[in-house]
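# fold the following, please.
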Amino acid sequence: MALSVWDPFTRFDSDFDQIVRRVWGRNVSREAFVPAVETVKDGSDVVIKVELPGVDVEKDVEIEVDNGRLTVSGRRSDTNEKNEGSVLVRELRYGAFRRAFALPEGVSADQVEAKYDKGLLELRVRDVTKPVEQPRKIAITRGE
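A predicted model of the protein is given here:
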């Protein structure tokens, strides 16, 4: 009887790759990646951080607002394409990416700011959340 070591991360990677291939096609894991995202509320603003290490944002990233959607798309290029035959382990993903976020009605491109620092693209969408109105008691007047 053969003894095997259980590695939950290998199984997770394998399962994730199978799901991605079923949804987007056979060779997606080699040709594309999905950058990680964090979305937080900051006062009346919403801040979206997109993890894009190794991406030339000035040349390879586009951000647009259209039809109620904020879309970040671009490409991360493999700078070591010449070493294809000598790669022993490849966990980094390269290729095209696209992330889209629904915007509340009435939000325009003028409300979106973008900055990039140390591998993080930060998108700030200004004035999109309304303060929650606190409950108020209504005075009852007596009729005559």
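# let me see the contact set for the closest residue to Val112 other than its chain neighbours.
Closest residue to Val112 apart from its sequence neighbours, by Cβ to Cβ, 6 or more residues apart in numbering: Val125 at 5.4 Å. The C-beta positions use only the backbone N, C-alpha and C, and glycine is treated the same way. Contacts for Val125 (Cβ atoms under 8 Å, 6 or more residues apart in numbering) come out as Asp45, Val46, Val47, Ile48, Leu70, Leu103, Val107, Gln111, Val112.
# between those, which sits nearest Val89?
Ile48 (31.0 Å; Cβ to Cβ).
# per-residue confidence at the residue nearest the centre of the chain?
Geometric centre of the chain, nearest residue: Val37, 3.6 Å, by Cα atoms, centre = their mean. You'll see Val37 listed with a pLDDT of 94.
# for Pro104, same thing?
So, for Pro104, pLDDT stands at 88.
# helices and strands of the protein: which one bottoms out on pLDDT?
helix 28-31 (a mean of 47; mean pLDDT, DSSP states H and E).
# other SSEs contacting the next helix or strand after that helix?
Sequence-wise, the next helix or strand downstream of helix 28-31 (DSSP states H and E) is strand 37-42. For strand 37-42, the elements it packs on are strand 45-51, judged by 3 or more Cβ pairs under 8 Å, 6 or more residues apart in numbering; DSSP states H and E.
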